[in-house]
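Novice: Sequence first, predicted coordinates after that:
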Amino acid sequence: MKSAVTKQNVNVEEYLDLESKSRRKHEFIDGDVLLMAGASRRHSKIASNIGGELFGQLKGTDCEVHYGDLSIRVRPTHYVYGDFSVFCGEPEIEKYKDAETLLNPRVVFEVLSRSTEARDRGEKAQDYRQLASLTDYFFVSQDKISVEHYVRQNDNSWKLIEYRELDDEIRLSGIKCTLKVKDIYNGVELPKLRLVECLQATILN
């Protein structure tokens, strides 16, 4: 999702007050308030596919799945939204009026957009890695079959596992889930796939 700075030099309390009253989502980075714009149809479809799989597999467990409507505090002055977050056990919640912020996500998914990919991979990823509760975070492409899975190791380093085939399976040992790449991209029309199909049709004709 695209984001744009709407206010600057705002403190945390002012941001939380704004967010508690707003119908639209904003992130907060060191005094800057960033408006989160709407997502593409592919973005929404991929997020829905991931959510459906997680909701189904975690039903009846002590883990909860939340779409991108629950903010995450990654640093004292950094409040962000993932496309999906999962926490298990007792949630640590910061409350301000009607706004609630999660402090202890275990898993976070980001569906990448061209306008925000650099920030997602940069500052936002660095922030996620600082969360002691986080065991896994993901970058999922909406333009090609590509899932990047970052897994926390025992020494607190992060291991990257990449999935680029529809038959690949993703194992999340921290929440005892298995996701299939083909389920993540089910019903999603990818630009590069459409291009390949057009080229194949041209060759055949």
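Specialist: Yep, that arrived. Here the structure is a predicted model, which means the values were calculated and not measured.
Novice: chain center to the lengthiest helix in the chain, what's the gap?
Specialist: Assignment by DSSP state H gives helix 41-58 as the longest helix of the chain. Relative to its chain's centre, helix 41-58 lies at 11 Å (C-alpha atoms, centre = their mean, to the nearest Å).
Novice: Stretch 32-52 now?
Specialist: Remark: stretch 32-52 is offset 9 Å from the chain centroid, using C-alpha atoms, centre = their mean.
Novice: For the remainder of this discussion, apply numbering that starts at 490.
Specialist: All set: I'll call the first residue 490, so the last point we hit is now stretch 521-541.
Novice: can you give me the mean pLDDT across it?
Specialist: Across stretch 521-541, the average pLDDT comes to 90.
Novice: list the buried ones in that stretch?
Specialist: 521-525, 528, 531-532, 534-536, 538-540 (16 or more other C-beta atoms under 10 Å). The C-beta positions use only the backbone N, C-alpha and C, and glycine is treated the same way.
Novice: so what's residue 564 up against?
Specialist: Residue 564 makes contacts with 616, 619, as judged by C-beta atoms under 8 Å, 6 or more residues apart in numbering.
Novice: Got the phi and psi for it?
Specialist: Backbone torsions of residue 564, given as degrees, to the nearest 10, read phi -150, psi 170.
Novice: Which residues does it form beta bridges with?
Specialist: Applying DSSP bridges to residue 564 gives these bridge partners: residue 567.
Novice: Which strand or helix spans residue 584?
Specialist: strand 582-585 (DSSP states H and E).
Novice: strands paired with that strand, and their directions?
Specialist: Using DSSP bridges, the strands paired with strand 582-585 are strand 588-591 (antiparallel).
Novice: how about the helices of this structure, start to end?
Specialist: So, for the chain - with DSSP H - the helices run 501-510, 530-547, 606-608, 614-618, 670-673, 680-693.
Novice: what about the first one, distance to the chain center?
Specialist: The one in question is helix 501-510. Helix 501-510 sits 22 Å away from the centroid of its parent chain (C-alpha atoms, centre = their mean).
Novice: Extract the CA atoms of it and return them as PDB.
Specialist: Coordinates of the C-alpha atoms in helix 501-510 are reproduced here as PDB (Å, rounded to 0.1, in the frame of the first residue of the first chain):
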ATOM      1  CA  VAL A 501       3.200  10.000  20.000                       C
ATOM      2  CA  GLU A 502       0.100  11.100  22.000                       C
ATOM      3  CA  GLU A 503      -1.000  13.400  19.100                       C
ATOM      4  CA  TYR A 504      -0.600  10.500  16.700                       C
ATOM      5  CA  LEU A 505      -2.600   8.100  18.900                       C
ATOM      6  CA  ASP A 506      -5.300  10.700  19.300                       C
ATOM      7  CA  LEU A 507      -5.500  11.200  15.500                       C
ATOM      8  CA  GLU A 508      -5.600   7.400  14.900                       C
ATOM      9  CA  SER A 509      -8.300   6.800  17.500                       C
ATOM     10  CA  LYS A 510     -10.600   9.200  15.700                       C
END
